[in-house]
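Visitor: Need the 3D shape of this:
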Amino acid sequence: MKYLKISLFMFNLLIWLAGFMVVVIGVWLLLEPSNGHLLNLFVRSASPHYTVHIVAYSLLGLGFIVLAVGFVGCRASLYGSQCIITAYVVALVVLIITELATAAVGGF
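Guide: Residues are numbered from 1 along each chain as shown. Predicted structure coming up:
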């Protein structure tokens, strides 16, 4: 059982670090919008800085959500409280459904 707690903690730590990296990339795009010039290949009708800002703010929002889910997961793995584990599972399900909906809408 101890091995499972450690494994869950490490997995959630990786999720937290991934969320942190997404936030860093979002901040980087906000501070240096000229680095997002490749994003303009996908959207032709908008101005270049507008597209980069939309992507940067989207990355910031997604990164903070993933950070929160990773934090709740780390806390759930350490303390094992039923309430925290339930909140973690609900957050994961909402995150997965949101990602699937985004992929479905973005694909069409």
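
Visitor: Please identify the buried residues of the longest helix seen in the chain?
Guide: Taking DSSP state H as the criterion, the chain has its longest helix at helix 48-79. By neighbour count on 16 or more other Cβ atoms under 10 Å, the buried set for helix 48-79 is 51-53, 55-56, 59-60, 62-63, 65-67, 69-77. C-betas here are computed from N, CA, C, even on glycine.

Visitor: Burial check on residue 13, number of neighbours?
Guide: By the measure other Cβ atoms under 10 Å, the count of residues near residue 13 is 15.

Visitor: quick one: it and residue 74, what's the gap?
Guide: Using Cβ to Cβ, to the nearest Å, residue 13 is found at 6 Å from residue 74.

Visitor: ok, now residue 26?
Guide: For residue 26, the distance to residue 74 equals 22 Å [Cβ to Cβ].

Visitor: and what of residue 68?
Guide: In this view, residue 68 and residue 74 are 11 Å apart by Cβ to Cβ.

Visitor: Check residue 32 too.
Guide: Residue 32 sits 31 Å away from residue 74, going by Cβ to Cβ.

Visitor: Also residue 6?
Guide: To residue 74, residue 6 is 11 Å away according to Cβ to Cβ.

Visitor: and what of residue 30?
Guide: Distance from residue 30 to residue 74, by Cβ to Cβ: 27 Å.

Visitor: Around residue 90, how many other residues sit close by?
Guide: Residue 90 has 12 nearby residues by other Cβ under 10 Å.

Visitor: next one: residue 87
Guide: Burial of residue 87, expressed as a neighbour count using other Cβ under 10 Å, amounts to 16.

Visitor: That one contacts residue 72, doesn't it?
Guide: Yes: at 5.8 Å, residue 87 counts as touching residue 72 under the criterion of Cβ atoms under 8 Å.
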